[in-house]
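Novice: Sequence and predicted structure are below.
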Amino acid sequence: MKSSTLKRLLNHLRQLRTGRHLTQEAFAEIAGLSYKYYQAVETGKKPDLRLSTLDRLAKGHGLELYELLSPTLPRTKAKARKKS
């Protein structure tokens, strides 16, 4: 059973990524993670994340870690990519 914190984190990650019009692959590259690993994270298949991974996820959205883990969806400080 997923904890409420993990559910909130996964929801935030998905909403932040899609709000910036990024694919999982594009965001993984920005965050410095492999696509397959990020895909497993966002789908909840990797529930035990290292602090360094959480920090990469936050920084990939231009956020501090506490902002990513906050109860409300943070506003990303990173620029959205333009659709081609």
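Specialist: Arrived safely.

Novice: Following the top helix by length along the chain in sequence, what is the next regular element?
Specialist: In the chain, with assignment by DSSP state H, the single longest helix is helix 4-19. Next helix or strand after helix 4-19 toward the C-terminus (DSSP states H and E): helix 24-31.

Novice: Now do that following helix: everything it contacts.
Specialist: Residues from elsewhere that reach helix 24-31 (CB atoms under 8 Å, 6 or more residues apart in numbering): 17, 20, 22, 34-35, 37-39, 42, 56-57, 59-60, 78, 81. In this view, the C-beta of every residue, glycine as well, is placed from N, C-alpha and C.

Novice: which strands and helices sit next to the longest helix of the chain?
Specialist: Applying 3 or more CB pairs under 8 Å, 6 or more residues apart in numbering; DSSP states H and E, one finds that helix 4-19 contacts helix 35-42, helix 65-68.

Novice: Mean neighbour count, mean pLDDT and distance to residue 10 for the ones you listed - can I get that in TSV?
Specialist: Shown next, in TSV, are these (neighbours: other CB atoms under 10 Å; pLDDT from 0 to 100; distance: least, CB to CB, whole Å):
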stretch	mean neighbour count	mean pLDDT	distance to residue 10
helix 35-42	17	97	6
helix 65-68	16	92	11
